[in-house]
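Visitor: Generate a structure from the sequence data that follows.
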Amino acid sequence: MSTEAVDAVVIGAGHNGLVAANLLADAGWSVLVLEATEHPGGAVRTAEVTEPGFRNDLFSAFYPMSAVSPVIRGLRLEEHGLRWRHAPDVLAHVLPDDRCVVLSRDVDRTAASVEEFAPGDGDAWRQLFRQWQEIREPLVGALFTPFPPVRSGLKLLRRTGTGEALRLARMLTLPVRRFGDEVFGGEGAKLLLAGNSAHSDLSVDNAGSAVFGWLMAMIGQDEGFPVPAGGAGSLIDALVRRLESRGGKVHCGRPVREVLVGGGRALGVRDSSGDPVRAHKAVLADVPAPVLYGGLVDAQHLPSRLVEDLDRFQWDSGTVKVDWALSGPVPWTAANARGAGTLHLGTDLDGLSAYGGELGRGRTPRRPFLLFGQMTTTDPDRSPAGTESAWAYTHVPRGTMENRAALERRAKRIEETVEANAPGFTSLIKARYIQGPAELQGHNPGLVGGAVNGGTAAIHQQLFFRPVPGTGRADTPVDRLFLAGSSAHPGGAVHGGPGANAARAALARAGVLGAGYAGVIRAAHRAIYG
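Guide: Below you'll find the predicted structure:
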């Protein structure tokens with residue numbers, strides 16, 4: 001029996017793996033994607049898990065980073081059936097006292113909303129957005145290219161000048177709470193920044209949290225938080241169709257047992273049935289770094305210093321997510337919340353500090369901060385007319401929610417938090433679907449312990465510290481093996497950056513200058529790992 005052989009094997013059919021496979025197929029490579037579960041998509045998947053006719057996104061749901069990603073845009077997925085939809089408003093943060101601040105794609109509407117909390121904040125918001133518009137192109141380019149982003153970085157420096165570049169760099173290191181205090185007088189605008197930073201696992205008081213809040217808020221102002229029509233899975237369907245139109249293949253229900261290594265290079269993989277697949281040019285792994293190193297690749301093939309560094313790898317927090325089928329729209333008492341696709345609930349600014357502090361101490365927050373999604377409000381295809389497909393999630397310490405009773409209590413607390421700002425919410429619930437850390441990992445092995453970011457977003461595990469101190473690139477110490485998942489730079493969210501970086505590295509290694517490229521990477525790894 002002959003050994004199956006292709007130019008590249010991609011481990012994992014998450015969006016990063018599919019992005020990488022598409023880019024390699026565009027270059028004329030034969031590509032096989034092997035996915036452990038029965039469905040492609042990883043943390044981008046839709047299913048009817050509550051009631052028939054209600055399409056629930058099991059994991060991620062809104063895609064602001066996809067909207068600005070040059071990687072996703074460059075794939076032209078609209079030509080393969082993808083359509084984007086938007087809610088009337090992007091986001092609303094509803095405070096416990098029912099005050100509400102709105103983020104809209106209409107900058108005047110956002111400015112008017114934050115102005116209600118403090119005179120002058122509307123103009124300050126417009127100024128912040130103008131700054132974003134001036135630097136968006138080179139900044140986004142820098143985010144989604146391998147580290148260091150030389151071309152985009154130089155373009156950004158030319159655009160800003162040295163002084164403003166230094167001020168921008170300072171801003172990106174700040175805690176988001178401090179950043180908000182420096183720019184705004186009222187709690188409304190500060191909460192738009194702070195609540196958006198909490199989409200990561202960082203506390204509003206952590207250094208570096210400002211960049212997440214600012215980036216998400218500015219993208220929301222600029223592009224919104226779009227969703228794929230029909231469900232998140234439509235994004236994956238388009239990626240798969242595009243890949244297959246170029247000859248690529250996706251095999252689901254076919255886990256990879258190990259990466260085959262010989263002579264210091266990746267030769268292919270062996271699946272769970274023991275069958276080998278030869279990879280003539282590259283193996284790309286869309287899996288968390290700890291799953292690849294010392295898991296799929298035996299530690300004997302890795303520098304001992306890398307293995308030691310992985311012992312200090314920090315996961316992001318666990319997650320509890322509840323999906324609902326609702327018999328009607330959510331009865332928010334804050335009228336401006338009704339048209340928002342995404343809502344932030346449960347806390348004010350001090351509450352966000354307390355929430356992050358409790359998580360940092362390994363305690364389940366008494367007052368959870370919720371991210372809430374109104375999916376039918378955003379996309380009418382998600383449920384029958386007059387109903388709502390909705391969800392909420394909150395973070396919990398790793399290692400908690402390990403029994404069903406604890407998970408049910410947390411879900412009840414989530415529903416009580418919604419009910420406080422939407423009296424009558426619980427009476428609308430036709431069905432619910434609860435996932436804790438164990439359930440999330442069970443449905444998607446890449447969400448280890450309910451971590452949705454592939455590792456903490458804290459500054460000590462970003463750029464050339466991601467996933468461990470190194471080059472900040474997709475290349476691994478095993479020649480022709482590339483890390484393509486969210487544990488790699490530029491990290492989590494659905495933007496395709498890690499997959500694209502891995503594909504670019506694989507193409508460079510296989511190109512006419514590949515020997516020189518490999519020599520530079522080997523020298524860098526020797527300097528870092530000994």
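Visitor: SS state for Glu415?
Guide: Secondary structure, DSSP: H, G, I helix; E, B strand; the rest coil: Glu415 is helix.
Visitor: who's in contact with the nearest residue to it once chain neighbours are set aside?
Guide: Leaving aside its sequence neighbours, Glu415 sits nearest to Thr426 (CB to CB, 6 or more residues apart in numbering; 5.6 Å). (C-beta placed from N, C-alpha, C; glycine too.) With contact taken as CB atoms under 8 Å, 6 or more residues apart in numbering, Thr426 is in contact with Glu415, Val418, Glu419.
Visitor: Then Phe313?
Guide: Neighbouring residues of Phe313 by CB under 8 Å, 6+ apart: Ala289, Pro290, Gly455, Gln461, Pro467, Val468.
Visitor: Show me which of the residues you listed is closest to Val320.
Guide: Checking those against Val320 with CB to CB, the nearest one is Gly455 at 19.3 Å.
Visitor: Tell me the spacing between the residue lying closest to the closest one once chain neighbours are set aside and Ala474.
Guide: Distances taken as CB to CB, 6+ apart put Ser487 closest to Gly455, at 5.1 Å, once the chain neighbours are dropped. Distance of Ser487 to Ala474, given as CB to CB, to the nearest Å: 11 Å.
Visitor: joint contacts of the two?
Guide: Common neighbours of Ser487 and Ala474, using CB under 8 Å, 6+ apart, are Pro498.
Visitor: still on that earlier bit, just the buried members of the contacts of Thr426?
Guide: Among the contacts of Thr426, those classed as buried by 16 or more other CB atoms under 10 Å are Glu415, Val418.
Visitor: TSV for the contacts of Thr426, including pLDDT?
Guide: What follows is the contacts of Thr426, written out as TSV (pLDDT from 0 to 100):
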residue	pLDDT
Glu415	98
Val418	98
Glu419	98
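Visitor: Same question for the worst-scoring helix or strand of the chain on mean pLDDT: list its buried residues.
Guide: The weakest-scoring helix or strand in the chain, judged by mean pLDDT, DSSP states H and E, is helix 150-173 (a mean of 86). Buried residues in helix 150-173, defined by neighbour count with 16+ other CB under 10 Å: Ser152, Gly153, Lys155, Leu156, Thr160, Ala165, Leu168, Met171, Leu172.
Visitor: and if you look at stretch 114-130?
Guide: Across stretch 114-130, burial judged by 16+ other CB under 10 Å covers Val114, Glu115, Phe117, Ala118, Asp121, Gly122, Ala124, Trp125, Arg126, Leu128, Phe129.
Visitor: Look at the second one and report its pLDDT.
Guide: Read it as Glu115. Looking at Glu115, its pLDDT stands at 98.
Visitor: In space, what's closest to it - neighbours in sequence excluded?
Guide: Nearest non-adjacent residue to Glu115, counting by CB to CB, 6+ apart: Gly122, 3.6 Å away.
Visitor: Isn't the one you found up against Ala112?
Guide: Yes - using CB atoms under 8 Å, Gly122 is in contact with Ala112, at 6.2 Å.
Visitor: ok, which stretches of the stretch 151-300 of the chain are strands?
Guide: 227-228, 249-251, 256-262, 265-271, 276-285 (DSSP state E, counting those that start in this stretch).
Visitor: Present these as TSV; the columns should include mean neighbour count.
Guide: Output for those, formatted as TSV (neighbours: other CB atoms under 10 Å):
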stretch	mean neighbour count
strand 227-228	28
strand 249-251	16
strand 256-262	18
strand 265-271	20
strand 276-285	24
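Visitor: For these, give me CSV that also has mean pLDDT.
Guide: Below are those laid out as CSV (pLDDT from 0 to 100):
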stretch, mean pLDDT
strand 227-228, 98
strand 249-251, 98
strand 256-262, 98
strand 265-271, 98
strand 276-285, 98
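Visitor: Quick one, which of those strands gets closest to Thr378.
Guide: For Thr378, the closest of the strands of the stretch 151-300 of the chain is strand 227-228, at 5.2 Å, according to CB to CB.
Visitor: which other helices and strands contact that closest one?
Guide: For strand 227-228, the packing partners by 3 or more CB pairs under 8 Å, 6 or more residues apart in numbering; DSSP states H and E come out as strand 84-85, helix 233-245.
Visitor: Looking at these, spot the one closest to Leu58.
Guide: helix 233-245 (8.8 Å).
Visitor: How about residues contacting the closest one?
Guide: Here helix 233-245 makes contact (CB under 8 Å, 6+ apart) with 13, 15, 18-19, 21-22, 25, 31, 33, 40-41, 44-47, 57, 63, 66, 75, 77-83, 228, 250, 494.
Visitor: What residues of that helix count as buried?
Guide: For helix 233-245, burial by neighbour count (16+ other CB under 10 Å) applies to Gly233, Ser234, Leu235, Ile236, Asp237, Ala238, Leu239, Val240, Arg242, Leu243.
Visitor: and that helix, average pLDDT?
Guide: The average pLDDT for helix 233-245 rounds to 98.
Visitor: Tabulate the CA atom coordinates of it in PDB.
Guide: Only the C-alpha atoms of helix 233-245 are listed here, as PDB (Å, rounded to 0.1, in the frame of the first residue of the first chain):
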ATOM      1  CA  GLY A 233     -20.200  28.600  10.100                       C
ATOM      2  CA  SER A 234     -20.900  30.400   6.800                       C
ATOM      3  CA  LEU A 235     -17.400  31.900   7.100                       C
ATOM      4  CA  ILE A 236     -15.900  28.400   7.300                       C
ATOM      5  CA  ASP A 237     -18.100  27.100   4.500                       C
ATOM      6  CA  ALA A 238     -16.700  29.800   2.200                       C
ATOM      7  CA  LEU A 239     -13.100  29.000   3.200                       C
ATOM      8  CA  VAL A 240     -13.700  25.300   2.500                       C
ATOM      9  CA  ARG A 241     -15.400  25.900  -0.800                       C
ATOM     10  CA  ARG A 242     -12.500  28.200  -1.800                       C
ATOM     11  CA  LEU A 243      -9.900  25.600  -0.900                       C
ATOM     12  CA  GLU A 244     -11.700  22.800  -2.600                       C
ATOM     13  CA  SER A 245     -12.000  24.900  -5.800                       C
END
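Visitor: what distance separates that helix from the centre of its chain?
Guide: Centroid displacement of helix 233-245 relative to its chain, using CA atoms, centre = their mean, to the nearest Å, is 19 Å.
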